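*Asks:* Requesting a structural model of the entry that follows:
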Amino acid sequence: MARDLPNVVRDDAERLAPEQLEQIQFRRLKALLAHVSSTNGFYSRIWRERGVDVNSIESLEDFSNKVPTVEKSDFISDQEAEPPFGRRLRHLLDEQQQLMLFTTSGTSGQGQELHAQTLRELQGSAEVYAYMLRWAGLKSGDKALLTLPLTMLGGGRLEYHGAHDYGLTVLPAGNYDADRKLKLIERFRPKALIGTTSYFWHLAAVCDGEVRDMGVEALFCGGEGASLSWYNRLEEEWSARVYDRYGSTQARNDHMFTCEEGVGTTERAGMLHNIDTHVLLEVIDPATGRHVKDGERGEVVITSLYHLDTPVIRCRMKDLATYRPGAYCRCGRHFRGIEIGSISRLDNMYRIKGINVWPQSIEQILLSSDMVDEYEVVLSTKADGADEAVVRVMPKVPLVGKQSENLASWLADEIKNRIALRFRIDVVAPGELERSQYKAKRWTDNRIHIADLSRRGATAS
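*Replies:* Residues are numbered from 1 along each chain as shown. Model prediction:
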């Protein structure tokens, strides 16, 4: 692949006015719809069954109003109908195209999706990743250590190709344990690390706070929702700049990135800019399907404008986030996007004692304290049938007597002030809670009524 690829990403594309970006998007969208309607059995069947003639689409608004969304269950059903690839990839198999295959983790319980990418689509993915790396100040020849393992999952392989094709010297260390990774960081002193937010926290803890002297300048986080408190503490721990990113296996790349303005503060969060020239982003009200306004929360829906061979068109990501137009960011770009620290799973809301609780609202409080190293939340049912929420908090250093009581009391009060619920806080000894090696899974719901719903095959809300 071309070694001068970073030069393909031109500043003038970033400085286009909103109406100019929309013109580019619509031109690419029309070409995408025409190609997919004549080649892809999966999408053409859905559009035909819904009575949609994609050739009649005359605007981006037309597209959002007429073209139906797809989601995980549609991909799984397609694979089950024609295993293992489904109708989405049938035309490529007939042509014997070389494919990069990716599976999802399957942690939702619905099964593993299979997605693919052709080599020409990989070129488009590399163009998108170039924005992320250039905005962080990386140049050809800089070293980046990849902490994600290389497996059938998209996470790891996609970042590797993006960094490699940009011109970085990539150290693929993801399959090693934490100690080996830290030794490689000490030895090669990479300018950047690429991984998940949780894992950078884990590495810092394993190294006992000495990572700030390892010369790392940029941490490319992502892979999970995280609060600004978490990002701000990571920057302190590593003495490095945090750059957030958003993507998915469905998109076959990350396509929303932090610019030079950074992740922001709790007073004013930063922004994840979508690369509007390559990906069409919608943030919709899950109930009505209408696009939300600036500052409102909605569900992320994506359409890749360059995946013609293995398309993803109006895919509902089941991620909620706060929508922001490009004008929100001080950088001057008109790429739209979402507010950093606002991402949470649509299906990851817990209803406790009649109140909707989002995990990030709790995390924001817990990780705002320098004393808290790690935590977990356990929901259960008391003898009288009432919900009980217990937060097990692991401090950085052992706490005794009043120290432990004061921390527990302060955290309980802060949570109650934020969400009008009192959680029980149990302070445990350092080392008692296991730190995440990939994506943090800090909530466990053992409530009886949730277990009953699971046995009946229903989804808890």
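*Asks:* I'd say residue 71 and residue 314 touch.
*Replies:* No - judged on C-beta atoms under 8 Å, residue 71 makes no contact with residue 314 at a distance of 9.5 Å. (C-beta placed from N, C-alpha, C; glycine too.)
*Asks:* Report the buried residues of the lengthiest helix in the chain.
*Replies:* Looking across the chain with DSSP state H, the single longest helix is helix 18-39. Buried positions in helix 18-39, judged by neighbour count with 16 or more other C-beta atoms under 10 Å: 21, 22, 25, 26, 28, 29, 32, 33, 36, 37, 39.
*Asks:* which one of the residues you listed sits closest to residue 260?
*Replies:* Distance to residue 260 across the buried residues of helix 18-39 (C-beta to C-beta) is lowest for residue 21, with 19.5 Å.
*Asks:* List the contacts of residue 335.
*Replies:* Applying C-beta atoms under 8 Å, 6 or more residues apart in numbering, we find residue 335 in contact with 14, 21, 273, 274, 275, 276, 326.
*Asks:* neighbour-wise, which of the residues you listed leads?
*Replies:* Using other C-beta atoms under 10 Å as the neighbour definition, the contacts of residue 335 reach their maximum at residue 273, which records 29 neighbours.
*Asks:* how's this protein carved up into domains?
*Replies:* Domain segmentation of the chain under automatic domain parsing yields 1-348, 350-455.
*Asks:* now those as TSV including mean pLDDT?
*Replies:* Below are the domains of the chain laid out as TSV (pLDDT from 0 to 100):
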stretch	mean pLDDT
domain 1-348	91
domain 350-455	82
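*Asks:* and the ones you listed, which is most packed in?
*Replies:* Stretch with highest mean neighbour count among these: domain 1-348 (a mean of 19; mean count of other C-beta atoms under 10 Å).
*Asks:* Name the residue most distant from the centre of this protein?
*Replies:* Ranked by distance from the centre of the chain (C-alpha atoms, centre = their mean), the top residue is residue 401, with 40.0 Å.
*Asks:* surely residue 255 meets residue 279?
*Replies:* Yes - using C-beta under 8 Å, residue 255 makes contact with residue 279 at a distance of 4.3 Å.
*Asks:* Could you tell me which residues touch both of those two?
*Replies:* Contact criterion C-beta under 8 Å, 6+ apart; residues shared by residue 255 and residue 279: 128, 302, 304.
*Asks:* Can you name the residues bridging to the last one?
*Replies:* Going back to what we said before, that points to residue 304. Beta-bridge partners for residue 304, by DSSP bridges, are residue 279.
*Asks:* so it sits right up against residue 314, yeah?
*Replies:* No - between residue 304 and residue 314 there is no contact under C-beta under 8 Å: 10.6 Å.
*Asks:* and for the two, which residues touch both?
*Replies:* By C-beta under 8 Å, 6+ apart, no residue touches both residue 304 and residue 314.
*Asks:* OK, contacts around the nearest residue to residue 265 once chain neighbours are set aside?
*Replies:* Among residues not flanking residue 265 along the chain, residue 228 sits closest, at 6.7 Å (C-beta to C-beta, 6 or more residues apart in numbering). By C-beta under 8 Å, 6+ apart, the contact set of residue 228 is 263, 264, 265, 266, 269, 340, 341, 364.
*Asks:* and of those, the nearest to residue 114?
*Replies:* Nearest to residue 114 among these: residue 340, at 30.7 Å, using C-beta to C-beta.
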